[in-house]
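In: this one's structure only:
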């Protein structure tokens, strides 16, 4: 079932935060396995609270650049975009999450396509998105590659001292 995508409203905040944290729990678990607990805890002492604030901040921006996906009246996904360098025509999908109970049904793809259209309408000529290279981010990478993004490998290393 294709989701209905509409602008974010304040009434969506609780659901968006809730499903985002559930959606990102396996991602952060993967990051902890990849980095090791010591480095992970230094970077993310309370990832849930940090992510809650990040989602609330992006939704509070009041810039009209956050949308939600609904299926049968339930809010099950969201996407936020930013215009980082409007003078150079570059925007970004800055945040995207789909309720784990609705993943794998094309909602992430629909939100990605919708966000790309909004970026085009805003005059952007290049879209950027960042995600992790660890196993927990594999589904996100598939979604972005399916949308035609070009993967630019970046190496970032961590070491306990």
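Out: All right, it came through fine. What you see is a predicted model, and the numbers here were worked out from it, not measured in a lab. Numbering: from 1, shown residues only.
In: doesn't residue 30 make contact with residue 40?
Out: No: look at residue 40 against residue 30 with CB atoms under 8 Å: they stay out of range, at 10.1 Å. The C-beta positions use only the backbone N, C-alpha and C, and glycine is treated the same way.
In: next SSE downstream of the lengthiest helix in the chain?
Out: For the chain, the helix that runs over the most residues, judged by DSSP state H, is helix 13-35. Sequence order places helix 37-43 as the next helix or strand after helix 13-35, per DSSP states H and E.
In: okay, now residue 19: neighbour count?
Out: 23 (other CB atoms under 10 Å).
In: check contacts around it.
Out: 75, 76, 77, 97, 98, 99, 100, 101 (CB atoms under 8 Å, 6 or more residues apart in numbering).
In: need the contact list for the most centrally placed residue in the chain.
Out: Per CA atoms, centre = their mean, the C-alpha nearest to the average position across the chain is that of residue 96, at 2.4 Å. Taking CB under 8 Å, 6+ apart, we find residue 96 in contact with 77, 78, 79, 80, 108, 111, 112, 115, 129, 140, 143.
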